[in-house]
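*Asks:* sequence and computational prediction follow.
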Amino acid sequence: MGTREKLLKKFKSNPKDFTYNELVRVLSFFGYEQTQAAGSRVVFFNKKEKHKIKLHKPHPGNILKRYQLNLIENELKTKGLL
């Protein structure tokens, strides 16, 4: 199992320790690019699907909240990417 598959498996398992940097990598697998919005807000945009995922960067740490992982997983499923 390659690095990509391991990271996707970890993402799907709804872990408590999934980092923002890991999320950026996972979304890049699906063609999303990160753009900075105001403050801690970021937007991931997929040009092919013309789809945006908006969220706040975690702070002060780098670990995402469960609701954020659920939101992103639902967005990817809605678009048929996951």
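*Replies:* Thanks, I have the structure now.

*Asks:* name the residues of the longest helix seen in the chain that come out as buried.
*Replies:* Counting residues, the longest helix found in the chain (DSSP state H) is helix 66-78. For helix 66-78, a neighbour-count test (16 or more other C-beta atoms under 10 Å) marks 68-69, 72, 75-76 as buried. Backbone N, C-alpha and C define where each C-beta goes, glycine included.

*Asks:* can you map out the helices along the protein?
*Replies:* Going by DSSP H, the chain shows helices at 3-12, 20-29, 66-78.

*Asks:* redo those helices as CSV? Include distance to Thr35.
*Replies:* CSV is the format used below for the helices of the chain (distance: least, C-beta to C-beta, whole Å):
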stretch, distance to Thr35
helix 3-12, 21
helix 20-29, 12
helix 66-78, 16
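
*Asks:* between those helices, which one is closest to Ser40.
*Replies:* Counting by C-beta to C-beta, Ser40 lies closest to helix 20-29 out of the helices of the chain; the figure is 10.4 Å.

*Asks:* any weak-confidence spans in this protein?
*Replies:* For the chain, no stretch has pLDDT under 70.

*Asks:* for the longest helix of the chain, which helices and strands make contact with it?
*Replies:* Secondary-structure packing of helix 66-78 (3 or more C-beta pairs under 8 Å, 6 or more residues apart in numbering; DSSP states H and E): helix 3-12, strand 51-56.

*Asks:* do that again at 7 Å, thanks
*Replies:* Counting by 3 or more C-beta pairs under 7 Å, 6 or more residues apart in numbering; DSSP states H and E, the packing neighbours recorded for helix 66-78 are strand 51-56.

*Asks:* need the contact list for the residue positioned nearest the centre of the chain.
*Replies:* Nearest to the geometric centre of the chain sits Leu23, at 4.0 Å (C-alpha atoms, centre = their mean). When the contact criterion is C-beta atoms under 7 Å, 6 or more residues apart in numbering, the partners of Leu23 are 64, 72.

*Asks:* re earlier: can you put the buried residues of helix 66-78 in CSV and add distance to His59?
*Replies:* What follows is these, written out as CSV (distance: C-beta to C-beta, whole Å):
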residue, distance to His59
Gln68, 12
Leu69, 16
Ile72, 17
Glu75, 22
Leu76, 24
